[in-house]
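> Generate a structure from the sequence data that follows.
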Amino acid sequence: MTIDSQAGSTNDETDDPVVFEAMVTPYRSLSPGGLRVLIGFVCGVSLCTTTLFWWLGAWPIAGFNGAEILLAVLLLRLHAKSSRRCELLMLSGAALRILRIDSDGRSTELSLRPGWLNVRLQERPGRVPGLYLSAHGQHVEVAASLGEPEKRDLAEALSAALHRLKNPVFDNPQLRPEMPQAFPV
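Numbering: from 1, shown residues only. The predicted model follows:
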């Protein structure tokens, strides 16, 4: 998960600057090369055990072992494919845009108004808490693939960005205490 706060970029829909941007991706520790090595290792071990059982006369094991290997390879490939999912959260003055890209590359987008937007962590006993965004009756769960510490960090960063957006600080040089007055009274 990466969290970037970029004040200079602009939103495609409007000309409002993006004040907060976070890309949420599921953590995968296995690279494509590592996946090939793992599948090769599993197939090699399976071939050795199948050959041993075949020589011992238990030839029906070969069919079950082949089906088991096919299932294991299929599940490993599905797991690797699911790592392509991501969520992009972009907050600007006009909207919080949630862009979701699934493992097949299809994208969906949802937009929430930041004026009434609330960030809420819902505690679930024995499970990772859920991170929900709600505005005007819409409740959306985001960052479902993150662990508890990352989800808490994202909730804190998004809440802080919303607070800065809703409560701007205006700097008036004339009201600064360290500035001497031009015309003493």
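> Domain ranges for this structure, per the record?
The chain breaks down into these domains under automatic domain parsing: 2-27+84-166, 32-82.
> Quick one: mean pLDDT over the shortest one.
With pLDDT averaged residue by residue, domain 32-82 scores 89.
> Quick one: distance of that domain to the chain centre.
Relative to its chain's centre, domain 32-82 lies at 32 Å (C-alpha atoms, centre = their mean, to the nearest Å).
> how close does residue 50 get to residue 116?
To residue 116, residue 50 is 62 Å away according to C-beta to C-beta, to the nearest Å. To be clear about C-beta, it is placed using only N, CA and C from the backbone, and glycine gets the same treatment.
> Go over the secondary structure and confirm residue 152 is in a strand.
No - the assignment for residue 152 (DSSP: H, G, I helix; E, B strand; the rest coil) gives helix, which keeps it out of a strand.
> burial of it, as a residue count?
Residues lying near residue 152 (other C-beta atoms under 10 Å) number 15.
> Now render the domains of the chain as a markdown table, adding distance to residue 176.
As requested, the domains of the chain are exported to a markdown table (distance: least, C-beta to C-beta, whole Å):
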| stretch | distance to residue 176 |
| --- | --- |
| domain 2-27+84-166 | 21 |
| domain 32-82 | 54 |
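> Residue 177: which of those domains is closest?
Each of the domains of the chain was scored for nearness to residue 177 using C-beta to C-beta, and the closest is domain 2-27+84-166 (23.3 Å).
> Just say which of the domains of the chain is most tucked in.
domain 2-27+84-166 (a mean of 15; mean count of other C-beta atoms under 10 Å).
> For the residue nearest the centre of the chain, which non-adjacent residue is spatially closest?
By C-alpha atoms, centre = their mean, the chain has its centre lying nearest to residue 24, at 2.0 Å. Counting by C-beta to C-beta, 6 or more residues apart in numbering, residue 24 lies nearest to residue 87, which is 4.2 Å off, once chain neighbours are set aside.
> Give me the contact list for the host helix or strand of that neighbour.
Assigning secondary structure by DSSP states H and E places residue 87 in strand 86-92. Outside strand 86-92, the residues that touch it by C-beta atoms under 8 Å, 6 or more residues apart in numbering are 11, 14, 16-25, 96-101, 114, 142-143, 158, 161-162, 165.
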